[in-house]
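[1] dropping the sequence and predicted coords here.
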Amino acid sequence: MARRLLSIWFPRLASDTSLRKRPVEGPFALTLRSGNSDHLHCVSPLAQAHGLARGMALADARAICPDLATRPADLAREAAALSGVRRWAGRYAPLVARDGVDGLIADITGVPHLFGGEAALRADLHDRLDRVGLAAQSAIAGTRGAAHALARHGGGLLPEGALAEGLGPLPVSALRIDHETAATLSRVGLSRIADLVHLPRAPLAKRFGPALVMRLGPGAR
């Protein structure tokens, strides 16, 4: 039986959790102190629609959106929220692990038929999360890296044997490489995963480091 992995990404876990307890009508953001100034840590959809984004200085955000409501971020509470969702996600897999600070990865091999298939499993997952006010994107693929990348770039199902075709259009940053390597690849015209998968492995490792080749997996030569 082919291995199948489910990646679930919560792009606004911190703000969604905060707003569930204390709703706000207008644009909202959680803030985090960095250096001598406050920055946006997580923004609501309405705040995002006003042009606000994670990492933006609070002073700049208020200049753009004077009506912005804010609260200090609570990283411990955010981690506890993810732990709670991880336990809940056990309904879909016997093994569920954290994937960074805002995601989960679950081995669902042999499970989807209990829900009527992979598409039905994802539909059930998103329906339940929507009902409790948690925004999420998910993807199912044969490898952790593929599921992780796809979940953070639209989500969906990646059939067995379709890694290259399914991930090819995604930016190289989806490979979970560092920002500097991604920027260097883009500068030399290698901006998509499809630009890399068929290139010889040794020259890539020599120029960009072994981590890149490891992320590409066996598809590279």
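    Looks like it arrived, so ask away. Just so we're clear, the structure is a prediction, and the values are computed from it rather than from any experiment.

[2] please enumerate the strands of this protein.
    5-9, 28-34, 37-43, 69-72, 95-98, 103-107, 137-141, 156-157 (DSSP state E).

[3] tell me which strands the last one pairs with, and in which orientation.
    Partners of strand 156-157 in the sheet, by DSSP bridges, are strand 137-141 (parallel).

[4] tell me the angle the partner strand makes with strand 103-107.
    With axes from the mean of the first three to the mean of the last three C-alpha atoms, to 10 degrees applied, the angle from strand 137-141 to strand 103-107 works out at 30 degrees.

[5] buried residues in strand 137-141, which are they?
    Across strand 137-141, burial judged by 16 or more other C-beta atoms under 10 Å covers 137-141. C-beta here means a position set from N, CA and C on the backbone, and glycine is covered the same way.

[6] rewinding a little: what would the strands of the chain look like in TSV with distance to R207?
    TSV is the format used below for the strands of the chain (distance: least, C-beta to C-beta, whole Å):
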stretch	distance to R207
strand 5-9	29
strand 28-34	33
strand 37-43	34
strand 69-72	43
strand 95-98	32
strand 103-107	30
strand 137-141	28
strand 156-157	32
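
[7] nearest to D195, out of those strands?
    When the strands of the chain are compared by C-beta to C-beta, strand 137-141 sits nearest D195, at 20.0 Å.

[8] that closest one vs strand 5-9, what angle?
    Using the same axes, to 10 degrees: strand 137-141 against strand 5-9 is 160 degrees.

[9] can you pull the contacts of the closest residue to H126 other than its chain neighbours?
    Once flanking residues are discounted, H126 sits nearest to A136: 6.5 Å by C-beta to C-beta, 6 or more residues apart in numbering. Listed by C-beta atoms under 8 Å, 6 or more residues apart in numbering, the contact set of A136 reads 8-11, 125-126, 129.

[10] next one: the worst-scoring helix or strand of the chain on mean pLDDT to chain centre, how far?
    When each helix and strand of the chain is scored by mean pLDDT, DSSP states H and E, helix 163-167 comes last, with a mean of 83. Here the centre of helix 163-167 is set off from its chain's centre by 18 Å, with C-alpha atoms, centre = their mean, to the nearest Å.

[11] just the CA trace of that helix, in PDB.
    Below are the C-alpha coordinates for helix 163-167, written out as PDB (Å, rounded to 0.1, in the frame of the first residue of the first chain):
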ATOM      1  CA  LEU A 163       5.100  14.600  -7.900                       C
ATOM      2  CA  ALA A 164       6.900  16.400 -10.700                       C
ATOM      3  CA  GLU A 165       3.800  17.500 -12.500                       C
ATOM      4  CA  GLY A 166       2.000  18.500  -9.300                       C
ATOM      5  CA  LEU A 167       4.800  20.500  -7.700                       C
END
